[in-house]
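Undergrad: turn this into a model:
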Amino acid sequence: MRKLQMVDLKSQYDKIKDEVNASIQEVLDTNTYINGPLVHQFQADLEKYLGVKHVIPCANGTDALQIAMMGLGLQPGDEVITADFTFAATVEVIALLQLTPVLVDVDLHNMNISIEAIKKAITPKTKAIVPVHLFGRAANMDAIMEIANEHNLYVIEDNAQAIGADYTNKEGKKQKVGTIGHVGATSFFPSKNLGCYGDGGAIFTNDDALAHTLRGIVNHGMYERYHHDVVGVNSRLDSIQAGVLKAKLPHLDTYNKARQKAARKYSEILGKNSNLWVPTICENCDCHVFHQYVFRVLNGKRDGLLKHLQEKGIPCAIYYPIPLHKQKAYADARYNEADFAITNQLCDEVIALPMHTELEDDQIKFITDSVLEYV
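TA: Predicted coordinates for the structure are as follows:
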């Protein structure tokens with residue numbers, strides 16, 4: 001059995017090294033390190049793949065979220081609703097822009113933002129909702145867009161973990177997550193489903209005017225060199241990373257299918273044990289692309305299982321051990337602990353197993369045997 005890794009980027013690279021190396025060499029040969037041809041080629045390829053009018057590449061996923069909010073013209077004091085159970089970058093950018101984060105609970109069964117919690121959190125100061133497609137599973141975008149339309153709110157999709165996932169709306173139409181709201185943001189961190197070999201990110205929108213604003217913001221507010229029309233930042237996707245992503249994008253659907261296949265095997269085995277809750281995998285849609293395989297230990301022995309797996313050399317992790325509303329940086333007297341019952345429960349129960357495109361059957365068997373041995 002090959003050595004277990006939480007993410008096996010080396011084995012993935014070995015299969016596409018000629019394509020990746022050729023892209024990198026092109027950048028080196030042409031010396032086009034910033035805003036080179038490969039950046040524009042990747043942008044066009046990703047627009048076609050997502051079925052979205054505009055992709056604006058940037059330096060990382062956190063910048064993508066921040067720039068999206070800047071482009072919408074949100075002002076200090078405006079309230080932005082997002083999930084309490086997610087990585088801190090989502091709320092971090094809200095606070096950095098001096099907006100008011102409004103953290104709300106999530107749904108127990110899909111771990112995404114709770115629709116009822118959103119409804120309860122809306123005030124006259126609310127200007128936007130940031131749903132996170134957590135761990136690769138599409139949030140309930142029909143309900144979120146209905147709420148947004150009713151209250152005249154922006155929807156900013158945090159798609160850092162779910163690129164390539166499909167959302168099937170109530171009319172039966174499929175649309176890539178990240179392209180449904182007013183604007184979407186993603187990350188190309190190396191471990192993502194579509195990852196580069198450094199940092200990278202992108203913003204998506206079908207709004208022509210917003211896209212124009214965003215393109216200026218990512219490049220110091222410039223549309224013409226030394227002419228600064230808007231307040232901007234320095235957040236450009238460099239050409240080498242764009243080259244890596246251009247080489248990997250044609251493989252994204254295959255990568256996501258491999259993740260779904262591994263997740264299905266995990267769930268088929270682990271789901272038979274009543275002490276465990278496992279994610280479901282649809283047979284006829286791609287609404288979950290499994291950036292992470294996260295399940296719940298129901299018998300109060302999650303931490304013991306974590307230690308057991310680590311002792312057997314099995315990489316595992318807790319995403320996320322501390323809710324955002326309990327983090328020192330984001331604690332607020334406005335919050336009522338009773339409003340975060342599900343998030344608090346998840347933080348005590350969840351554990352993530354290795355998930356990547358190169359998992360093999362003998363590895364999955366060893367991992368699942370080890371889990372069942374403990375629980």
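Undergrad: only C-alpha atoms for contact and neighbour calcs from this point on.
TA: Noted.
Undergrad: now do the buried residues in stretch 92-102.
TA: Buried positions in stretch 92-102, judged by neighbour count with 16 or more other C-alpha atoms under 10 Å: 92-95, 97, 99-102.
Undergrad: and which of those residues is nearest to residue 242?
TA: Ranked by distance to residue 242 (C-alpha to C-alpha), these are led by residue 93 at 24.0 Å.
Undergrad: secondary structure element holding the closest one?
TA: Residue 93 belongs to helix 89-96 when elements are defined using DSSP states H and E.
Undergrad: again with residue 80
TA: For residue 80, the element it lies in under DSSP H and E is strand 79-83.
Undergrad: for that strand, name the packing helices and strands.
TA: Secondary-structure packing of strand 79-83 (3 or more C-alpha pairs under 8 Å, 6 or more residues apart in numbering; DSSP states H and E): helix 89-96, strand 100-104, strand 126-130.
Undergrad: make CSV out of the ones you listed and add distance to residue 116 and mean pLDDT.
TA: Formatted as CSV, those follow (distance: least, C-alpha to C-alpha, whole Å; pLDDT from 0 to 100):
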stretch, distance to residue 116, mean pLDDT
helix 89-96, 20, 98
strand 100-104, 9, 98
strand 126-130, 13, 98
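Undergrad: okay, the ones you listed in JSON lines with distance to residue 184 next?
TA: Formatted as JSON lines, the helices and strands packed on strand 79-83 follow (distance: least, C-alpha to C-alpha, whole Å):
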{"stretch": "helix 89-96", "distance to residue 184": "12"}
{"stretch": "strand 100-104", "distance to residue 184": "18"}
{"stretch": "strand 126-130", "distance to residue 184": "9"}
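Undergrad: of those, which is nearest residue 334?
TA: Between residue 334 and the helices and strands packed on strand 79-83, the tightest spacing by C-alpha to C-alpha is seen for strand 100-104, at 9.2 Å.
Undergrad: okay, the angle between that closest one and helix 89-96?
TA: Going by axes from the mean of the first three to the mean of the last three C-alpha atoms, to 10 degrees, strand 100-104 is angled at 150 degrees with respect to helix 89-96.
Undergrad: what does strand 100-104 contact?
TA: 76-84, 91, 94-95, 113-114, 117-118, 121, 324-325, 339-340 (C-alpha atoms under 8 Å, 6 or more residues apart in numbering).
Undergrad: tell me where the stretch 51-200 of the chain has strands.
TA: With DSSP state E, counting those that start in this stretch as the criterion, the stretch 51-200 of the chain has strands at 54-58, 79-83, 100-104, 126-130, 154-158, 166-168, 174-176, 183-187.
Undergrad: how far does stretch 147-161 sit from the chain's center?
TA: Centroid separation for stretch 147-161 versus its chain: 15 Å, with C-alpha atoms, centre = their mean, to the nearest Å.
Undergrad: returning to what we had before: okay, the strands of the stretch 51-200 of the chain in a markdown table with distance to residue 4 next?
TA: Listed next are the strands of the stretch 51-200 of the chain as a markdown table, based on distance: least, C-alpha to C-alpha, whole Å:
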| stretch | distance to residue 4 |
| --- | --- |
| strand 54-58 | 32 |
| strand 79-83 | 32 |
| strand 100-104 | 36 |
| strand 126-130 | 34 |
| strand 154-158 | 29 |
| strand 166-168 | 29 |
| strand 174-176 | 31 |
| strand 183-187 | 25 |
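Undergrad: indicate which one of those strands is closest to residue 17.
TA: When the strands of the stretch 51-200 of the chain are ranked by proximity to residue 17 (C-alpha to C-alpha), strand 183-187 comes first, at 21.7 Å.
Undergrad: can you list the strands that that closest one pairs with?
TA: strand 154-158 (parallel), strand 201-205 (antiparallel) (DSSP bridges).
Undergrad: determine the set of other helices and strands touching the helix or strand that the last one is followed by.
TA: The first helix or strand that comes after strand 201-205 along the chain, using DSSP H and E, is helix 208-217. The helices and strands touching helix 208-217, judged by 3+ C-alpha pairs under 8 Å, 6+ apart, are strand 54-58, helix 61-71, strand 222-224.
Undergrad: okay, the strands paired with strand 183-187, which one's buried deepest?
TA: Highest mean neighbour count of these: strand 201-205, a mean of 29 (counted as mean count of other C-alpha atoms under 10 Å).
Undergrad: relative orientation of that one and helix 61-71 in degrees?
TA: Angle, strand 201-205 to helix 61-71, by the same axes, to 10 degrees: 40 degrees.
Undergrad: from the buried residues of stretch 92-102, pick the one nearest residue 228.
TA: Nearest to residue 228 among those, counting by C-alpha to C-alpha, is residue 97 at 19.9 Å.
Undergrad: so what's that closest one up against?
TA: So residue 97 contacts 66, 70, 75-76 (C-alpha under 8 Å, 6+ apart).
Undergrad: of the residues you listed - the most surrounded one?
TA: residue 66 (22 neighbours; other C-alpha atoms under 10 Å).
Undergrad: my read: that residue touches residue 93, true?
TA: Yes. Residue 66 is within contact range of residue 93, at 5.3 Å (criterion: C-alpha atoms under 8 Å).
Undergrad: can you pull the buried residues of stretch 313-327?
TA: 314-325.
Undergrad: and that stretch, how far from the chain's centre?
TA: 16 Å.
Undergrad: swap in stretch 333-340?
TA: Centroid separation for stretch 333-340 versus its chain: 25 Å, with C-alpha atoms, centre = their mean.
Undergrad: just the terminal-to-terminal distance for it.
TA: Stretch 333-340 has its terminal residues 14 Å apart, counting by C-alpha to C-alpha, to the nearest Å.
Undergrad: mind listing residues that contact it?
TA: Here stretch 333-340 makes contact (C-alpha under 8 Å, 6+ apart) with 84, 104-106, 325.
Undergrad: tell me the gap between the helix holding residue 93 and the middle of its chain.
TA: Computed by C-alpha atoms, centre = their mean, the chain-centroid distance of helix 89-96 equals 15 Å.
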